[in-house]
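Enquirer: Give me the fold of what follows.
(2 chains)
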Protein chains: 2
Amino acid sequence: MKIPKPTVKRLGLYYRCLARYKEEGVNFVSSQDIAERLNIKPSQVRKDLSYFGEFGKRGLGYNVSKLISEIAHIIGVNKEWNVAIIGAGNLGSALANYPGLIKHKFRVVAIFDNDREKVGKKIAGIQVSHISELEQKVKDMDIEIAVIAVPESAAQYVAEQVEEAGIKGIVNFSPIKLRTKIPVEDVDITLSFETLAYMILKNSPVESEKEE
Amino acid sequence: MKIPKPTVKRLGLYYRCLARYKEEGVNFVSSQDIAERLNIKPSQVRKDLSYFGEFGKRGLGYNVSKLISEIAHIIGVNKEWNVAIIGAGNLGSALANYPGLIKHKFRVVAIFDNDREKVGKKIAGIQVSHISELEQKVKDMDIEIAVIAVPESAAQYVAEQVEEAGIKGIVNFSPIKLRTKIPVEDVDITLSFETLAYMILKNSPVESEKEE
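Expert: Presented below is the predicted three-dimensional model:
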């Protein structure tokens, strides 16, 4: 069964919301509780969770710990992922230093560049490797995810190298649509600016997660 | 009328898709044409565009130029936005150098930091200013959008300063939920990694834009 991408994205939000409830010592929550914290509709929460069977009990709500581990299993945060960053420029450096990644079990273990000036330098404690070492390091270090943080002109070529090296999926920060057989998640920063521009123009926030 | 956020985000995608059609000399497109390029359902395209009235004509499709200018008007890309980046670290530098922003009429005109070592240095041709100059520069340079690219611990304080300085909206790269009266668009990079992890685990891409 295929799950809509917006649902997958919301599962990450539910996971964090539930983790916070757990920290606060809360054992059971309703879809209403989750929805209120995230400013979405309870029916959306119930619909999203219904893709994965019946977790909740009428009147009692969801068991927080159980739901956390079910969602973690589904979205893959109960395992640790080794990540390589391709491109040791500002963006690559920012990502290597981004504390949110390791907090969510995405561990940056290698950084690659083709610029001999950058190779050998340390970013966030990791020595930058030449891109020619990619395939060997992917094998040796069990790297499954690559982040493409190179200029637009190099992105497709790098994506092909990454795929050949045995990487399983790409987080793509370049503005081009990559042609690959492995899954790609595009991060389009401009879209966030456009959404904000729309909110400013309308002088009121759009409904953050209205059901379509 | 409130428009769902996923629709607003897709309007940005439609805008780019239509711009490409225009470059290719195409004058009329169907919802099917747009949907195919973006790998979403034609019914989703029609539904999204229906929020803004009837643009298309049966049998003829949408007038590309007209639809571009209608969407541009709606999402606010027919005006240019002046942007300030708060935080002159790697992330701030990466954003200042990101060509996608100016291409979509978001012009970075100022960069602020509270670190005296960074103030005065140039990033992407812009001299870094001390954060104490924020209010004056916002007025002088007609800055409407601020990007928060500071460490988590400083984010809420910076957001308050930004709001007091008269900024109209925030793009927030910090992982905390900001408390402000002005609109905030959160950019959560970790969510992209989680979506990718899910796609890898399921060994097949999720439906990229399935209707919910």
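
Enquirer: can you pull the buried residues of the biggest helix by length in chain A?
Expert: The longest helix of chain A (DSSP state H) is helix A:5-23. Neighbour counts using 16 or more other CB atoms under 10 Å in any protein chain shown place A:5-18, A:21 of helix A:5-23 among the buried residues. Quick note: C-beta positions are derived from backbone N, CA and C, even for glycine.

Enquirer: do stretch A:163-174 as well
Expert: Applying 16+ other CB under 10 Å to stretch A:163-174 flags A:163, A:165, A:167-174 as buried.

Enquirer: Can I get the worst-scoring helix or strand of chain A on mean pLDDT in CSV, CA atoms only?
Expert: Taking mean pLDDT, DSSP states H and E as the measure, chain A has helix A:99-103 as its least confident helix or strand, at a mean of 82. Provided in CSV are the C-alpha atoms of helix A:99-103 (Å, rounded to 0.1, in the frame of the first residue of the first chain):
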residue,chain,number,x,y,z
PRO,A,99,22.5,19.2,15.2
GLY,A,100,19.0,18.1,14.1
LEU,A,101,20.3,15.3,11.9
ILE,A,102,22.2,13.3,14.5
LYS,A,103,19.3,13.9,16.9
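
Enquirer: So which bits of the helix or strand following that helix are buried?
Expert: Going down the chain from helix A:99-103, the next helix or strand is strand A:106-113, by DSSP states H and E. Judged by neighbour count using 16+ other CB under 10 Å, the buried positions of strand A:106-113 are A:106, A:108, A:110-113.

Enquirer: near chain B, from these?
Expert: Filtering the buried residues of strand A:106-113 for neighbours of chain B using CB under 8 Å from any CB of the partner chain leaves A:Phe106.

Enquirer: helices and strands around the least confident helix or strand of chain A, which ones?
Expert: Secondary-structure packing of helix A:99-103 (3 or more CB pairs under 8 Å, 6 or more residues apart in numbering or on different chains; DSSP states H and E): strand A:106-113, helix B:189-202.

Enquirer: Strands of chain A, residue ranges please.
Expert: A:28-29, A:62-63, A:81-86, A:106-113, A:122-123, A:126-130, A:145-148, A:169-172, A:184-186 (DSSP state E).

Enquirer: Tell me which of the ones you listed lies nearest to B:Ser31.
Expert: Evaluated with CB to CB, the strands of chain A place strand A:184-186 nearest to B:Ser31, the distance being 22.0 Å.

Enquirer: Point out the other elements, helices or strands, that the closest one touches.
Expert: On a contact count with 3+ CB pairs under 8 Å, 6+ apart, strand A:184-186 meets strand A:169-172, helix B:189-202.

Enquirer: By mean pLDDT, show me the worst of those.
Expert: Lowest mean pLDDT of these: helix B:189-202, a mean of 85.

Enquirer: Could you tell me which residues within it count as buried?
Expert: By 16+ other CB under 10 Å, the buried positions in helix B:189-202 come out as B:189-200, B:202.

Enquirer: any chance of the residues you listed in a markdown table, plus distance to chain A?
Expert: As requested, the buried residues of helix B:189-202 are arranged in a markdown table below (distance: CB to the nearest CB, whole Å):
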| residue | distance to chain A |
| --- | --- |
| B:Ile189 | 7 |
| B:Thr190 | 5 |
| B:Leu191 | 5 |
| B:Ser192 | 5 |
| B:Phe193 | 5 |
| B:Glu194 | 4 |
| B:Thr195 | 5 |
| B:Leu196 | 4 |
| B:Ala197 | 4 |
| B:Tyr198 | 5 |
| B:Met199 | 4 |
| B:Ile200 | 4 |
| B:Lys202 | 8 |
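
Enquirer: Looking at the helices and strands packed on strand A:184-186, spot the one closest to B:Asn63.
Expert: strand A:169-172 (32.0 Å).

Enquirer: How far does that closest one sit from its chain's centre?
Expert: Relative to its parent chain, strand A:169-172 has a centroid offset of 10 Å by CA atoms, centre = their mean, to the nearest Å.
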